[in-house]
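J.: turn this into a model:
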Amino acid sequence: MSDRKNFDRATQDFADDLAALREDIAKLSGTVSGIVRSRAGDAADQASTYYGRARDRAQRRAYAARDRFANRASSLRDDLADRASDFRDELADRASDYRDRFADHASDAQERLGALGSDLETKIEKNPLTAVVVAAIAGLLMGMLSRSF
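T.: Got it, this is the predicted structure:
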């Protein structure tokens with residue numbers, strides 16, 4: 001009986017040790033889960049911090065790029081406006097030069113026509129018969145030409 005008692009006690013001790021081991025494993029599992037949750041939370045916080053920093057850095061770079069683009073566009077617009085103004089001024093100068101040249105040529109032509117008219121009048125006054133013959137021949141030629149066309 002003593003063996004049986006010892007066996008029962010050993011079985012009971014084994015069962016108590018097994019229950020204690022299960023309880024220790026459950027506690028250890030809870031502790032490990034807590035550590036993992038804590039580390040996961042820390043990792044999530046750290047990831048969120050890194051994401052925020054990256055987002056802020058990307059946003060600053062985007063704003064800087066936008067500002068550089070705006071400055072370049074403004075500079076280009078100013079350059080184009082200056083070139084357009086220079087082109088307009090050059091065209092105005094050339095137009096003024098051509099107008100002056102045309103006015104000079106028109107004035108010269110008017111003077112020549114006036115002189116030619118005066119010369120013709122003088123010749124007609126000196127030789128009226130020749131003028132009538134020349135006019136008649138010119139009329140005859142014009143009449144002949146108008147019939148052929």
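J.: longest helix of this protein?
T.: In the chain, assigned by DSSP state H, the helix with the most residues is helix 2-126.
J.: so after that helix, what's the next helix or strand?
T.: Going down the chain from helix 2-126, the next helix or strand is helix 128-148, by DSSP states H and E.
J.: residues touching that next one, excluding its own?
T.: In this structure, residues lying in contact with helix 128-148 by C-beta atoms under 8 Å, 6 or more residues apart in numbering are 123, 124. C-beta here means a position set from N, CA and C on the backbone, and glycine is covered the same way.
J.: C-alpha coordinates for it, PDB please?
T.: Once side chains and other backbone atoms are set aside, the C-alpha atoms of helix 128-148 remain, and they are given as PDB (Å, rounded to 0.1, in the frame of the first residue of the first chain):
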ATOM      1  CA  PRO A 128       0.300 123.200-130.700                       C
ATOM      2  CA  LEU A 129       0.000 121.500-134.100                       C
ATOM      3  CA  THR A 130       2.500 118.800-133.100                       C
ATOM      4  CA  ALA A 131       0.600 118.200-129.900                       C
ATOM      5  CA  VAL A 132      -2.700 117.700-131.900                       C
ATOM      6  CA  VAL A 133      -1.000 115.200-134.300                       C
ATOM      7  CA  VAL A 134       0.500 113.300-131.400                       C
ATOM      8  CA  ALA A 135      -2.800 113.200-129.600                       C
ATOM      9  CA  ALA A 136      -4.600 112.000-132.800                       C
ATOM     10  CA  ILE A 137      -2.000 109.200-133.300                       C
ATOM     11  CA  ALA A 138      -2.300 108.200-129.700                       C
ATOM     12  CA  GLY A 139      -6.100 108.100-130.000                       C
ATOM     13  CA  LEU A 140      -5.900 106.100-133.200                       C
ATOM     14  CA  LEU A 141      -3.500 103.500-131.600                       C
ATOM     15  CA  MET A 142      -5.700 103.200-128.500                       C
ATOM     16  CA  GLY A 143      -8.700 102.600-130.700                       C
ATOM     17  CA  MET A 144      -6.900  99.900-132.700                       C
ATOM     18  CA  LEU A 145      -5.700  98.200-129.600                       C
ATOM     19  CA  SER A 146      -9.200  98.300-128.000                       C
ATOM     20  CA  ARG A 147     -10.700  96.500-131.100                       C
ATOM     21  CA  SER A 148      -8.100  93.700-131.100                       C
END
